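In: Need coordinates for the below:
(one chain, ligands or ions: 1)
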Amino acid sequence: MTPGARVAAAIQILDRILAGQQAEPALIAWARASRFAGSGDRAAVRDLVFQALRRRDSLAALGGALSGRGLMLGMLRAEGADSDAIFSGTGHAPPPLTEAERTAGAPIAQAEALPDLPDWLWPLWQASLGARALSLAHAMRDRAPLWLRVNPRRATPAQAIAALTDAGIDAIPDPHLPTALRVTSGERRVHGAAPYRAGWVEMQDLSPQIACSLLAPRPGQQVLDYCAGGGGKSLALLAVTDLSVTAHDAAPARMSDLPERAARAGVSVTLSPPAPSGQNYDLIIADVPCSGSGTWRRKPDAKWRLTPERLAELCALQAEILDDCADLVRPGGRIAYMTCSLLDAENGDQIDRFVARNQRFTEPERRLLTPEDASDGFFVSILTHSAGAA
Ligand SMILES: C[S@@+](CC[C@H](N)C(=O)[O-])C[C@H]1O[C@@H](n2cnc3c(N)ncnc32)[C@H](O)[C@@H]1O
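Out: Okay, the predicted model is just below:
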């Protein structure tokens, strides 16, 4: 596909997303209907669509319209590219620019200053992040790096880096957490690469890796991963400590990959039968459903789909899960509450309300990680039951 044809495809897909379709199904539907598009074309069109969604408002302002065409025109203007060369009308390229399109659009500085967040959310974002609100909103406009976690049961960071290099993937360790590797080239090769398939490395963003490193459970402790999903947090803990880990999820199908991932990593996780009971756990991980506002670089359409009603529903569910976990932790045990959100409503405010209604718990540690100091936006609060230290 020519550059113009890729832009025309992105316009078509963006129009569907702006009309209400989710990004992934819209991309899949386009790929199925476009057998002529090779893997390089599909990746390039996907990048255009995601980049446009990350910067939706500023690109619409630059391009003069909130439409697929307006967004792609705004992107070309932001890059200083020759719009007429792309909007050429030849072959499969989009039709030439109209006179109105040529004169529409805000100046670059004015458009770039927009936060690229939904209007209703911006006051909550500012109240949560204060002086860092705009820079963190703008950090969400960039593509996120891919991070890997080295599994010390299988390899050292140096061995993993060497094996990745052999597979055509470059990765460098984080200066503070050497088992966290940032992939600097060859991202798309990771899934098929030998060190991934042999369990030497797992995909996990730096921020949850840091959060898990704060928990340091003692060998042999009973751990409940209450919202286990794919089990990323369980696997991170088991990689460094021998633990008895039970995984639970309200949607058990979400844990279907976990046994295979655990086997690849050389560890084992017990999948919980119906629901955990008793007060048997030294550590409960509550990696709760959330807005995902810290991961909007990866899932940019989610930022425009979130509504105040959905945020309120999520906050109510998070409170319910915290209360369930409070009943399952053993006296003296800990709850690690985690979200991939930057919003106080889901983070500090949620914990303050929990501690106010559950006065047996204290909060020795709370950490908000952001793209400015780690990678994805991520919150962790460690809550200790007052009957003694775990
Ligand atoms: C943020 S995801 C978990 C991600 C996972 N811990 C990981 O590291 O891959 C939240 C999970 O909570 C689950 N969930 C939703 N409501 C729940 C509830 N009431 N009790 C337990 N799990 C719930 C969802 O099915 C989802 O898998």
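In: State the number of residues packed around the nearest residue to Met140 once chain neighbours are set aside.
Out: Spatial nearest neighbour of Met140, chain neighbours left out: Trp296 (4.8 Å); criterion: CB to CB, 6 or more residues apart in numbering. To be clear about C-beta, it is placed using only N, CA and C from the backbone, and glycine gets the same treatment. Per other CB atoms under 10 Å, the neighbour tally for Trp296 reads 28.
In: List the contacts of Trp296.
Out: Listed by CB atoms under 8 Å, 6 or more residues apart in numbering, the contact set of Trp296 reads Arg54, Met140, Ala302, Lys303.
In: Surely the third one and Gly292 touch.
Out: Yes - using CB atoms under 8 Å as the test, Ala302 is close enough to Gly292 to be in contact (5.4 Å).
In: Of the two, give the one with the bigger neighbour count.
Out: For Ala302 versus Gly292, neighbours defined as other CB under 10 Å are more numerous around Gly292 (19 against 16).
In: which residues touch that one?
Out: Taking CB under 8 Å, 6+ apart, we find Gly292 in contact with Lys299, Ala302, Cys340, Ser341.
In: Look up phi and psi at it.
Out: phi 70, psi 20 (degrees, to the nearest 10).
In: And for Asp327?
Out: phi -80, psi -10.
In: Tell me the spacing between it and Thr362.
Out: 17 Å (CB to CB, to the nearest Å).
In: and the longest strand that the chain contains, which strands flank it?
Out: Using DSSP state E, we find that the single longest strand of the chain is strand 329-339. Next to strand 329-339 in the sheet, as set by DSSP bridges, lie strand 281-287 (parallel), strand 378-385 (antiparallel).
In: any idea how far Leu18 lies from Glu112?
Out: 21 Å.
In: More neighbours: which of those two?
Out: Leu18 (20 against 17).
In: I figured that one hits Gly68, correct?
Out: Yes - taking CB under 8 Å as the definition, Leu18 is a contact partner of Gly68 at 6.9 Å.
In: So Gln110 sits against Ala61, correct?
Out: Yes - using CB under 8 Å, Gln110 is in contact with Ala61, at 7.0 Å.
In: Looking at these two, which one has more neighbours?
Out: Ala61 (24 against 12).
In: where does this structure have low pLDDT?
Out: 388-390 (pLDDT under 70).
In: For it, what lies in contact range of the ligand?
Out: Residues of the chain lying near the ligand by CB under 6 Å from any ligand atom: 226-233, 249-251, 254, 287, 289, 317, 321.
In: Can you tell me the closest non-neighbouring residue to Asp166?
Out: Nearest to Asp166 is Ala194, by CB to CB, 6+ apart, at 7.6 Å.
In: circling back: I'd like the distance between the residue nearest to Met140 and the ligand.
Out: Counting by CB to the nearest ligand atom, to the nearest Å, the gap from Trp296 to the ligand is 14 Å.
In: With Arg77 instead?
Out: 37 Å.
In: Not counting sequence-adjacent ones, nearest residue to that residue?
Out: Leu62 (4.8 Å).
In: now Ala104
Out: Gly64 (2.6 Å).
In: quick one: that neighbour from Met338, how far?
Out: Distance from Gly64 to Met338, by CB to CB: 41 Å.
In: These two: who's more crowded?
Out: In terms of neighbours (other CB under 10 Å), Met338 is the more surrounded of Gly64 and Met338; the figures are 25 against 19.
In: Contact partners for that one?
Out: Pro208, Ala211, Lys233, Ile285, Ala286, Asp287, Val288, Phe378, Phe379, Val380, Ser381.
In: okay, now the domains of this protein?
Out: When the chain is parsed with automatic domain parsing, its domains come out as 3-114, 146-204, 213-385.
In: Pipe those domains into a markdown table and attach distance to Leu121 per row.
Out: Below are the domains of the chain laid out as a markdown table (distance: least, CB to CB, whole Å):
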| stretch | distance to Leu121 |
| --- | --- |
| domain 3-114 | 12 |
| domain 146-204 | 26 |
| domain 213-385 | 7 |
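In: Which of the ones you listed sits closest to Leu136?
Out: For Leu136, the closest of the domains of the chain is domain 213-385, at 5.7 Å, according to CB to CB.
In: still on that earlier bit, pretty sure the residue nearest to Arg77 sits against Ala104.
Out: No - Leu62 is not in contact with Ala104 according to CB under 8 Å; the separation is 9.4 Å.
In: more neighbours, those two?
Out: Neighbour totals were compared for Leu62 and Ala104, and Leu62 leads with 25 against 17 (other CB under 10 Å).
In: Can you say which helix or strand has the more buried one in it?
Out: helix 56-63 (DSSP states H and E).
In: relative orientation of the following helix or strand past that helix and helix 56-63 in degrees?
Out: Later in the chain than helix 56-63, the nearest helix or strand by DSSP H and E is helix 68-79. Angle, helix 68-79 to helix 56-63, by axes from the mean of the first three to the mean of the last three CA atoms, to 10 degrees: 80 degrees.
In: And the helix or strand just after helix 68-79, what does it pack against?
Out: Past helix 68-79, heading to the C-terminal end, the next element that is a helix or strand (DSSP H and E) is helix 83-86. When contacts are defined as 3 or more CB pairs under 8 Å, 6 or more residues apart in numbering; DSSP states H and E, helix 83-86 sits against helix 3-18, helix 68-79.
In: For helix 83-86, buried residues please.
Out: For helix 83-86, burial by neighbour count (16 or more other CB atoms under 10 Å) applies to Ser83, Ile86.
In: Skip ahead from it and say which helix or strand is next.
Out: helix 99-103.
In: which residues touch the residue nearest to Asp166?
Out: Ala163, Asp166, Ala167.
In: Filter those residues down to the buried ones.
Out: Ala163.
In: Between the contacts of Ala194, which sits nearest Ala262?
Out: For the contacts of Ala194, the nearest to Ala262 is Ala163 (20.7 Å; CB to CB).
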